[in-house]
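Peer 1: Sequence and predicted structure, then a few things I'm wondering about:
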Amino acid sequence: MQLYDMYCKAMFTIALRYVKDSFVAEDMMQEAFLKVFKNIHSFKGEVTIGSWIKRIVINQCIDYLKKKRIELVSIEEKELTIADDGDWTVKEEVTTVIVTSAINSLPEKYKVVLNLYLIDGFDHQEIAKVLNITEVSSRSQLMRGKNKLKGRLKQCNYA
């Protein structure tokens, strides 16, 4: 119970970033904690317990989104060259609340990749594995999502 009490609010916030609906987010969090308690014996301590729980919550949400059949654009690697634009700078007055709100207003296929990359720190290899897409698709969706995010921020005079 202490473990649950310690992490439930943070894990609910993470789940809500992915599924938008607070009732669904609560269900995802509850199901993830059931998995945590059921599989606590497999926790090896290679990462913090919070990181381990966070990964389970994220995977739970992604599985839910897959069941909802969120369409992720698949692109053949030979057809696409992606410029690695590492510039993610925005005006100083932009808060994480503004960015998170703008991300949440994007279509699901971009929102998921942006959350995984920007907020949860996944790399393209991890994103590809979790979403069952190629790394090139992960990169292209990130770039498209980034462009849409910049557009949203520009509408609010933040970019």
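Peer 2: Yep, that arrived.

Peer 1: which element is the closest residue to V19 other than its chain neighbours on?
Peer 2: Leaving aside its chain neighbours, V19 sits nearest to A25 (5.1 Å; criterion: Cβ to Cβ, 6 or more residues apart in numbering). Bear in mind the C-beta positions are built from the backbone N, C-alpha and C, glycine included. Counting by DSSP states H and E, the element that carries A25 is helix 22-38.

Peer 1: continuing past that helix, what's the next helix or strand?
Peer 2: In the C-terminal direction, the helix or strand that comes right after helix 22-38 (DSSP H and E) is helix 49-67.

Peer 1: Next secondary structure element downstream of that next one?
Peer 2: Once the chain leaves helix 49-67, the next helix or strand it forms, by DSSP H and E, is helix 96-104.

Peer 1: Now tell me what touches that following helix from outside.
Peer 2: Outside helix 96-104, the residues that touch it by Cβ atoms under 8 Å, 6 or more residues apart in numbering are 17, 20, 90, 111, 114-115, 118-119, 145, 149, 152-153, 156, 158.

Peer 1: Good, we can wrap up now.
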